[in-house]
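Chemist: how would this look folded up:
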Amino acid sequence: MNKKDFNTRSNIIKETFNDTRKIVAYATAEELGIDDEIRHEGDFFITSNGEIIDLEFQSVDFTEYELVKYIELAEHLYEKYGKEVSIYILCPKEINVLVKEEEILSEAEFTIKLACSQVDSCEVILEAIKNKIRNNEILDEDDWHNLRHLQVMCEKSKRNYYRLEYLKIMNRYY
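Modeler: Residues are numbered from 1 along each chain as shown. A predicted model of the protein is given here:
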């Protein structure tokens, strides 16, 4: 992760989730030793006191099944490191949150917070990818995955726009 992405995501954690802890490092799932069968699609950060923050971008409805996957990840990380785990989930306005807030019983110390944005997440993702292209940065697997899925994540009325943008980028830069 480059410094700009690190700073942007750190600011999201601080501003959106009111987390004032000092973030000192980015870590990959491999560096954290997350087992392959555990869902781990987010960006992981380490605080100055060794706690782990996972920043996720939710692209499907937030159901009980989704919540259980996040709990499993939090418990896995807590068992491995013995430090509090915070999972912060950004939800676009297009998805439905179908889970009520509830205390989860667990031996692990973790927090899971959702923030639902009123911003069109598809436009944010597309703009971030276009910025990478403008800055001559190489698009990674996640960028291509997100770009491909914009056309089904967006509102039905915007599908052709996102299809066109995907095809333009794919044909010019892949």
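Chemist: Which strand or helix spans residue 102?
Modeler: Using DSSP states H and E, residue 102 falls within no helix or strand.
Chemist: what's the answer for residue 147, then?
Modeler: Taking DSSP H and E as the definition, residue 147 sits inside helix 141-153.
Chemist: just checking, what packs against that helix?
Modeler: Where contact means 3 or more CB pairs under 8 Å, 6 or more residues apart in numbering; DSSP states H and E, helix 141-153 is packed against helix 121-134, helix 159-173. C-beta coordinates here come from the backbone N, C-alpha and C atoms, glycine included.
Chemist: What residues of stretch 149-156 count as buried?
Modeler: Using 16 or more other CB atoms under 10 Å as the test for burial, stretch 149-156 gives 150, 151, 153, 154.
Chemist: what do you get for stretch 49-58?
Modeler: Buried residues in stretch 49-58 (16+ other CB under 10 Å): 51, 52, 53, 54, 55, 56, 57, 58.
Chemist: For those, give me TSV that also has distance to residue 173 and secondary structure.
Modeler: Shown next, in TSV, are those (distance: CB to CB, whole Å; DSSP: H, G, I helix; E, B strand; the rest coil):
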residue	distance to residue 173	secondary structure
51	38	coil
52	34	strand
53	31	strand
54	29	strand
55	26	strand
56	26	strand
57	22	strand
58	27	coil
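Chemist: In contact with residue 48, which residues are there?
Modeler: 21, 22, 23, 24 (CB atoms under 8 Å, 6 or more residues apart in numbering).
Chemist: For the residue nearest the centre of the chain, give me the pLDDT.
Modeler: The centre of the chain sits closest to residue 56, judged by CA atoms, centre = their mean, with a distance of 2.3 Å. Per-residue pLDDT puts residue 56 at 92.
Chemist: OK, contacts around it?
Modeler: When the contact criterion is CB under 8 Å, 6+ apart, the partners of residue 56 are 41, 42, 70, 87, 88, 89, 90.
Chemist: Among these, name the buried ones.
Modeler: Applying 16+ other CB under 10 Å to those flags 42, 70, 87, 88, 89, 90 as buried.
Chemist: Report the two of those separated the most.
Modeler: 70 and 90 (12.8 Å; CB to CB).
Chemist: For the buried residues of stretch 49-58, give me a markdown table that also has distance to residue 116.
Modeler: Shown next, in a markdown table, are the buried residues of stretch 49-58 (distance: CB to CB, whole Å):
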| residue | distance to residue 116 |
| --- | --- |
| 51 | 24 |
| 52 | 23 |
| 53 | 19 |
| 54 | 18 |
| 55 | 15 |
| 56 | 13 |
| 57 | 12 |
| 58 | 9 |
